[in-house]
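1. heads up, no residue letters with this:
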Ligand code: ADP
């Protein structure tokens, strides 16, 4: 059985991530969505919120589970028995970083392969960063995220706007 790890921060999960997880689930017997607990970047959602939203968004995929990790991605891959790390590739801008990451991971763990899945055309421009910027300025995000994530984003916007919150 080939287990694949799809790692990321998922702050929050969006349709581009769901598309990659869905396609990975059709290629591999089991996909573990690895939610990185300690990214260097500032996050909008807590670990619990990110985990809950990701689990709900992927609940319809029986061979996908969401697990939290805080170590090196390849160490987590080895720990959970994943031989493959799946990454989503958007425009050319992702390529150099992903290439460096894949080569570094190969050096650290030669038996773990990185597989890059090209984004679907409709999500080419989508990132959690862009999504949060649009949502925080009250732009429509209903085509970009599932309904429960849209609601969570709206609650954050209200919370950030209210000094008492
Ligand atoms: P981001 O903040 O860039 O949305 P994450 O760190 O949570 O992302 O990304 C996790 C993985 O999902 C990475 O492999 C990233 O390249 C991929 N990914 C993010 N957005 C998209 C998208 N729109 N289409 C395909 N893959 C994506």
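-> Received it, and whenever you're ready, just let me know what you need. Quantities reported herein were computed from a predicted structural model and do not represent experimental measurements.
2. which parts of this protein sit against the ligand?
-> For the chain, the contact set with the ligand under CB under 6 Å from any ligand atom comprises 8-10, 16-17, 20, 87-88, 90, 94, 119, 123, 126-129. Heads up, the C-betas are built off the backbone N, CA and C, glycines and all.
3. let's see it at 5 Å
-> Contact residues, the chain versus the ligand (CB under 5 Å from any ligand atom): 8-10, 16, 20, 87-88, 119, 123, 126-128.
4. helices along the chain, start to end?
-> For the chain, the helices defined by DSSP state H cover 15-27, 47-57, 73-80, 92-108, 128-136, 147-161.
5. possible to save the ones you listed as CSV with mean neighbour count?
-> Listed next are these as CSV, based on neighbours: other CB atoms under 10 Å:
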stretch, mean neighbour count
helix 15-27, 19
helix 47-57, 19
helix 73-80, 19
helix 92-108, 13
helix 128-136, 17
helix 147-161, 15
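6. where does this structure have its least confident helix or strand?
-> None of the helices or strands of the chain scores lower by mean pLDDT, DSSP states H and E than helix 147-161, at a mean of 89.
7. how far off helix 15-27 does that helix point, in degrees?
-> Counting by axes from the mean of the first three to the mean of the last three CA atoms, to 10 degrees, helix 147-161 lies at 150 degrees to helix 15-27.
8. packing partners of helix 147-161?
-> helix 47-57, helix 128-136 (3 or more CB pairs under 8 Å, 6 or more residues apart in numbering; DSSP states H and E).
9. and those, which one averages the lowest pLDDT?
-> Per-stretch mean pLDDT for those is lowest at helix 128-136 (a mean of 93).
10. residues in contact with it?
-> Contact with helix 128-136 is made by 9-12, 14, 44, 140-141, 144-145, 150, 153-154, 156-157, 160, as judged by CB atoms under 8 Å, 6 or more residues apart in numbering.
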